[in-house]
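*Asks:* Sequence and predicted structure are below.
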Amino acid sequence: MHSAGEARRAAREGVGVALATSAYGISFGALAVASGLDVWQTCVMSLLMFTGGSQFAFVGVIGAGGLAAAPAAIASAALLGVRNVAYGMRMSPVIGSGFWRRAAAAQFTIDESTAVSLAQTTHHARTVGFWVTGIGIYIGWNLSTLAGALLGDVLGDPRAYGLDAAAAAAFLALLWPRLRRRQPIVVGIAAAAIATVLTPVLMPGLPVIIAATVAIVVGWFNWLGSDDPIGSAEDEPRDVAEREGLP
């Protein structure tokens, strides 16, 4: 009973994140066409690459330097894509065995699907969260990429509509309920500070990878891992009951 409720909640979260992230695809489609790609090239990139950070890095570098900047664009996109390898290792127990299952999951292993999955507390809910989020974003992202590519000139600057903040807002919504202990709070603040400082001086991709080492180091040594939740101890049973739908 509780497992079914958790799975439904994971599905709702996945749909919500998919809608927010898909809206951001309009921005990518418009930016890609403005950078010199045609509609077909833009759509094929979303269909095959399907990792927003790498796609934006690629078209951003191409837009600034033209065809001559292609090697730098590829390098930037590849660096940002490295994080998906770490996601794949973390998600392997959730996905399970089987060649075709793993091959399909590889295409949907992105920031959002990993975040929604790992935010759940049961294996079944994590599986539901992963597939609903990954497939939902894949469909929505490609449709919105096409729309942005076709309507780029009409839309103007997508940032004027706040679409550049959609993905970040979805991540914050997932992250906020987990900030109940000192360890994740410290990791979040430190990683954000490092990324903010390094982004202006390093090529795209490197600040994300360097900031991620904060979580690895803190987790490896389990710094601040034994602290009590920020809220009172008496609140936790109530939170669990509310999460499970109990009175």
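*Replies:* Noted; the coordinates are in hand. Everything numeric in this text was worked out from a predicted model, so none of it was measured. Numbering: from 1, shown residues only.

*Asks:* Count the residues that sit near residue 99.
*Replies:* Applying other CB atoms under 10 Å, we find 7 residues neighbouring residue 99. Where you see a C-beta, it was placed from the backbone N, CA and C, and this is true even at glycine.

*Asks:* can you check residue 214 too?
*Replies:* Residue 214 has 19 neighbouring residues, counting by other CB under 10 Å.

*Asks:* what sits against it?
*Replies:* Residues in contact with residue 214 (CB atoms under 8 Å, 6 or more residues apart in numbering) are 187, 190, 191, 194.

*Asks:* how about 10 Å then?
*Replies:* Contact analysis of residue 214 by CB atoms under 10 Å, 6 or more residues apart in numbering lists 186, 187, 188, 189, 190, 191, 192, 193, 194, 195.

*Asks:* try residue 114
*Replies:* Each residue near residue 114 by CB under 10 Å, 6+ apart is listed here: 83-84, 86-88, 90-91, 94, 108, 126, 129-130, 133-134.

*Asks:* ok, of those residues, which one's closest to residue 13?
*Replies:* Relative to residue 13, the closest of the contacts of residue 114 is residue 129; by CB to CB it sits at 6.4 Å.

*Asks:* mind checking the SS state of the residue nearest to the closest one when sequence neighbours are not counted?
*Replies:* Using CB to CB, 6 or more residues apart in numbering and skipping the chain neighbours, the partner closest in space to residue 129 is residue 10 (3.6 Å). Of the three states, residue 10 takes helix under DSSP: H, G, I helix; E, B strand; the rest coil.

*Asks:* does residue 10 really touch residue 115, like I thought?
*Replies:* No. The pair residue 10 / residue 115 is not scored as a contact, 11.5 Å apart, by CB atoms under 10 Å.

*Asks:* tell me, what's touching those two both at once?
*Replies:* 129, 130, 133.

*Asks:* Okay, and which of the residues you listed map to strands?
*Replies:* With DSSP state E as the criterion, strands contain none of the shared contacts of residue 10 and residue 115.

*Asks:* the domain parsing of this structure - what is it?
*Replies:* Using automatic domain parsing, the domain ranges for the chain come out as 2-174, 179-247.

*Asks:* Would you single out the least confident of those domains?
*Replies:* Ranked by mean pLDDT, the domains of the chain bottom out at domain 179-247, with a mean of 66.

*Asks:* okay, now the closest residue to residue 192 other than its chain neighbours: neighbour count?
*Replies:* Leaving aside its sequence neighbours, residue 192 sits nearest to residue 211 (CB to CB, 6+ apart; 7.5 Å). Residues near residue 211, counting by other CB under 10 Å, number 20.

*Asks:* and the gap between residue 131 and residue 108?
*Replies:* In this view, residue 131 and residue 108 are 7 Å apart by CB to CB, to the nearest Å.

*Asks:* Show me the common contact partners of the two, please.
*Replies:* Here residue 131 and residue 108 have residue 95 as joint contacts, going by CB under 10 Å, 6+ apart.

*Asks:* Give me the phi and psi for residue 140.
*Replies:* phi -70, psi -40 (degrees, to the nearest 10).

*Asks:* quick revisit: among residue 10 and residue 115, which residue is more densely surrounded?
*Replies:* Legend: neighbour count by other CB under 10 Å for residue 10 and residue 115, higher for residue 10 (26 against 21).
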